[in-house]
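*Asks:* Provide a 3D model corresponding to the input given below.
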Amino acid sequence: MSHGKTSFVYVTFIRSTPEKVFEAITKPEVARRYWGHENVSEWKPGSAWQHVRADAQRTVQLVGEVVEIVPPARLVITWANASQADDPEARSRVSFEIAPYEDMVRLTVTHDELEAGSGMDKGIRQGWPIVLSSLKSLLETGQGMDVFAKPKAA
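*Replies:* Numbers count the residues shown, from 1 in each chain. Got it, this is the predicted structure:
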């Protein structure tokens, strides 16, 4: 039974430039420092995109394609678990909007076309806040956070 589609929006402000924020999303060597993964693509409309674990196994965990790219202001990609790459129903979409905001950048990440209540829906609601907090931390302090950390038991 279908639960319908839903979306998740996260907005953060980063003391950085649009160019550095865009690079942090699209450059594998930067993404691994705050995400523990590398975003690998030719970064052209229609090109494949892979989210590769930055460890010895180099496991491809997510896949998709570049829908739109307007550096350094906008990036839109499709998003699916690698195991569901051939199922169009399993794909969702992520849009990164990067805008100057006084001496900062306003980063808006919209993850939509999600199956409401699905494992992906639940996972991204937990994942995006820590990943984007780690991105902010890296760009502002030079050090990302442990995105694989788990809450401590009370």
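*Asks:* how about the strands in this structure?
*Replies:* All strands of the chain, identified by DSSP state E, fall at 5-14, 37-41, 48-53, 60-70, 74-81, 92-101, 104-115.
*Asks:* Which one of those strands lies nearest to I130?
*Replies:* Comparison of the strands of the chain against I130 by CB to CB identifies strand 5-14 as nearest, at 10.6 Å. All C-beta spots, glycine's among them, are computed from the backbone N, C-alpha and C.
*Asks:* So which residues make contact with the closest one?
*Replies:* Applying CB atoms under 8 Å, 6 or more residues apart in numbering, the set of residues contacting strand 5-14 from outside is 21, 101, 104-117, 121, 124-125, 128-129, 132-133, 135-136, 139-140.
*Asks:* Buried ones only from the residues you listed, please, as a PyMOL command.
*Replies:* A single PyMOL command is used to select the members of those judged buried by 16 or more other CB atoms under 10 Å:
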select buried, resi 21+104+105+106+107+109+111+114+115+121+124+128+132+133+135+136+139
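*Asks:* for the closest residue to S137 other than its chain neighbours, what are its contacts?
*Replies:* Counting by CB to CB, 6 or more residues apart in numbering, S137 lies nearest to M145, which is 5.4 Å off, once chain neighbours are set aside. By CB under 8 Å, 6+ apart, M145 lies in contact with Y34, I130, S133, S134, S137.
*Asks:* Out of the residues you listed, who's the most crowded?
*Replies:* If you count neighbours using other CB atoms under 10 Å, the busiest of the contacts of M145 is Y34, which has 23 neighbours.
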